[in-house]
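Sharing a model prediction with you, sequence too.
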Amino acid sequence: MPEVLARLEQAKKVYRTGDTTIVALDSTTLDIRSQELVLVEGPSGSGKTTLISLIGCVIYPTEGKVFVRNIHTSGLNDRQLSKLRLKNIGFVFQNFNLIAPFSALDNVAFPLRLMGKSGREAYKEARQQLEKLGLADRGKNLPRELSGGQKQRVAIARALVANPRILLCDEPTASLDHDSLKKIMTELRNLSQEGKAVVVVTHDPRLEEYADRIIRVEDGRIVDEVTG
Amino acid sequence: MFRQALQFINYDKPKAFGATLGVLVAIFLIGQQAGIFIFLTSLMTSLVDNSKADIWVVNDKARDANRLGTLDMRYVQELKSVPGVDIASPLVLAGASAKLQNGEQLPVQLIGVEAPEFLLEPWRVVKGSKFGLLSNGAVSADVFDFKSIDTLRIGEPLEVNGVRSYVRTVTRGARGFGGTLMVTTINQARKLGKVPVYKASAILLTVQPGFSADSVVAAINRNFFGVRAWEREAFSRQTRQENLSNSGIGTSTFTLIIFAIISGMVIIGLTLYSAAIERLNDYATMKAIGASNAYVTRIILAQALLIATVGFAMAAGLLVAFQRGIANAGVLFNYGSMLWVGLLLATLFLSLGGALLAIFRIRKVEPASVFR
């Protein structure tokens, strides 16, 4: 039975720069459930990133409420919010955002170290995660020594290693060829079927075939929602 | 934590090298200035610190052991009658000119002490002994003050104020603030320095067992007019203070140390800041993943600590080499454990203080910036 893992209730995000006020996301209500892959589409500047940032608890809403696993995030301080993200949310960024000075293995082990696991335990699990994604022999490499596809897989390994229930992916296939895109999206689809909520922000219509639900955002509002 | 900090340092070696160099230069400069300062202050107080007297009785106007003025010799007998005084021994300081066989001439300060008490005897003796000074025309000499002589030997002839004398005790590093010191017997000093027999520069006292120096000092200062008694440590402090306030050595050293700290902190601060700016995206990613501000702060502090450790170790090595090198020129001093602790604290202050700018910047990084 799918459960609601994240909820936006009339969430609004306004950015103010001098006299200019930009409503990045207008009063939006949205549920993100387990066992579904949600595609968020829309043109540049439509509010997709703000939406995913609110779900990911990396920004606070200006108005409204954001719940992650029934926890109201507005009342949490930096430390509590960091912990909430660490335990519940995995991120796959458009540019991979692997931590440059860390090796692939260190990148993947990083969330586990943050969770307080011992070095030995964290590196063992990180190694297993890299093996699952076919990168067992790349653990010692720095990100700059990896290809685009390998970086993407390391980023996914890092997002999954702490076993979060919500996976947020920002343009995860932007720099991938068709084969790699297929592999990644199949993997994300499998993860959603295993019980995770996967939210993918994209411009790429080729991803629609993998989605359980497609949300279209324009001018800071959800203008369309299609369940597949 | 330290592993991650080390990875950041390793990744940007030129900046880590720059920051380490900042620590190294600042701490070396501070240590070097402090070493010279220790040496100079030890010269200022060498007469007092190397005496075996518990109490120095001097003219009541005298505030500096290197400029004592004169006392009437009658005080010697009177001081012997003060309860608690064990030995009362006069000391004569007199300016003179020494001429070596090779023609070199240099001003000296003669120190005439009473034998066999020798309440102020030559220190750091490397050849001969204090008893050599008992022979006629005998003086001590320091190898660093007679550099024109390859090997200063016992029996080296010289003229002191035109009177034939001989080096009977050779020291290495027994030097004074006012110039070259030559220890001799009090009679010899009077003769060479033309000091009348009824005058002395100071009277050195030892205290009998069971009496405290401060009570004897208090008794003398209460009952004697025209003289002032000082406990040895107090007179040493007073001499140092007098010379520091008159010479500007303290101010100059302190200013240089402050500038070394400021420049070191600026170099380290800007280097760490610039390194942090280049890695903003990495720190933002760490925060987005779940690292708190406290965690990233600790990573930057750990980097600063690692840099501080390496910089301090290198600076300490250089300072020891500097200390040994300069000792060959007669500048003898020891970095005591307190100074090392002080230098370590200065290193931590520099490094952690320098890291503040980077920390403030990194704490402001929004994790949401990873989506832009």
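Now that the structure is in, tell me what you want to look at.

those strands in the chain, which residues are they?
You didn't say which chain, so I picked chain A. For chain A, strands defined by DSSP state E occupy the ranges A:4-17, A:20-33, A:36-41, A:63-68, A:71-72, A:89-92, A:166-170, A:197-202, A:213-218, A:221-227.

was after chain B, sorry
Using DSSP E, strands in chain B cover B:55-59, B:71-72, B:85-100, B:105-113, B:125-128, B:138-142, B:157-160, B:163-171, B:180-185, B:199-200, B:202-207, B:227-231.

Reformat those as JSON lines; add distance to chain A, mean pLDDT and mean neighbour count.
C-beta coordinates here come from the backbone N, C-alpha and C atoms, glycine included. Compiled in JSON lines, those are given as follows (distance: least, C-beta to the nearest C-beta, whole Å; pLDDT from 0 to 100; neighbours: other C-beta atoms under 10 Å in any protein chain shown):
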{"stretch": "strand B:55-59", "distance to chain A": "63", "mean pLDDT": "94", "mean neighbour count": "26"}
{"stretch": "strand B:71-72", "distance to chain A": "73", "mean pLDDT": "92", "mean neighbour count": "19"}
{"stretch": "strand B:85-100", "distance to chain A": "66", "mean pLDDT": "92", "mean neighbour count": "20"}
{"stretch": "strand B:105-113", "distance to chain A": "62", "mean pLDDT": "90", "mean neighbour count": "20"}
{"stretch": "strand B:125-128", "distance to chain A": "56", "mean pLDDT": "90", "mean neighbour count": "17"}
{"stretch": "strand B:138-142", "distance to chain A": "57", "mean pLDDT": "91", "mean neighbour count": "25"}
{"stretch": "strand B:157-160", "distance to chain A": "68", "mean pLDDT": "89", "mean neighbour count": "19"}
{"stretch": "strand B:163-171", "distance to chain A": "57", "mean pLDDT": "91", "mean neighbour count": "21"}
{"stretch": "strand B:180-185", "distance to chain A": "60", "mean pLDDT": "90", "mean neighbour count": "26"}
{"stretch": "strand B:199-200", "distance to chain A": "73", "mean pLDDT": "93", "mean neighbour count": "22"}
{"stretch": "strand B:202-207", "distance to chain A": "64", "mean pLDDT": "94", "mean neighbour count": "25"}
{"stretch": "strand B:227-231", "distance to chain A": "58", "mean pLDDT": "95", "mean neighbour count": "21"}
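
quick one, which of the strands of chain A is nearest to residue B:117?
Closest to residue B:117 of the strands of chain A is strand A:89-92 (C-beta to C-beta; 84.5 Å).

gap between the closest one and the chain center?
4 Å (C-alpha atoms, centre = their mean, to the nearest Å).

Can you confirm whether it lies near chain B?
Yes: using C-beta under 8 Å from any C-beta of the partner chain, we find that strand A:89-92 touches chain B at residue A:91.

and what of stretch A:2-20?
No: applying C-beta under 8 Å from any C-beta, one finds stretch A:2-20 separated from chain B by no less than 10.0 Å.

what comes into contact with that stretch?
A:21-36, A:47, A:50-51, A:53-55, A:59, A:61-69, A:88, A:165-166, A:197 (C-beta atoms under 8 Å, 6 or more residues apart in numbering or on different chains).

Tell me, how many residues neighbour the residue in the stretch 1-150 of chain B positioned nearest to chain A?
Proximity of the stretch 1-150 of chain B to chain A (C-beta to the nearest C-beta) peaks at residue B:11, 3.4 Å away. Neighbour count for residue B:11, taken as other C-beta atoms under 10 Å in any protein chain shown: 19.

Name the residue closest to the centre of chain A, please.
residue A:168 (1.6 Å; C-alpha atoms, centre = their mean).

which residues sit in contact with it?
Contacts for residue A:168 were tallied using C-beta under 8 Å, 6+ apart; they are A:52, A:55-56, A:89-92, A:199, A:201.

tell me which of the residues you listed is nearest to chain B?
Closest to chain B out of those is residue A:91 (5.8 Å), distances taken as C-beta to the nearest C-beta.

just to revisit the earlier point, what residues are bridge-paired with the residue nearest to the centre of chain A?
residue A:91, residue A:199 (DSSP bridges).

and it, how far is that from residue B:370?
Computed with C-beta to C-beta, to the nearest Å, the distance linking residue A:168 and residue B:370 is 11 Å.

got any residues that touch both of these two?
Here residue A:168 and residue B:370 share the contacting residues residue A:91, scored by C-beta under 8 Å, 6+ apart.

Just give me the neighbour total for whatever residue of the stretch 251-372 of chain B ends up closest to chain A.
Closest approach of the stretch 251-372 of chain B to chain A (C-beta to the nearest C-beta) occurs at residue B:290, with a separation of 2.7 Å. As a burial measure, residue B:290 scores 26 neighbours (other C-beta under 10 Å).
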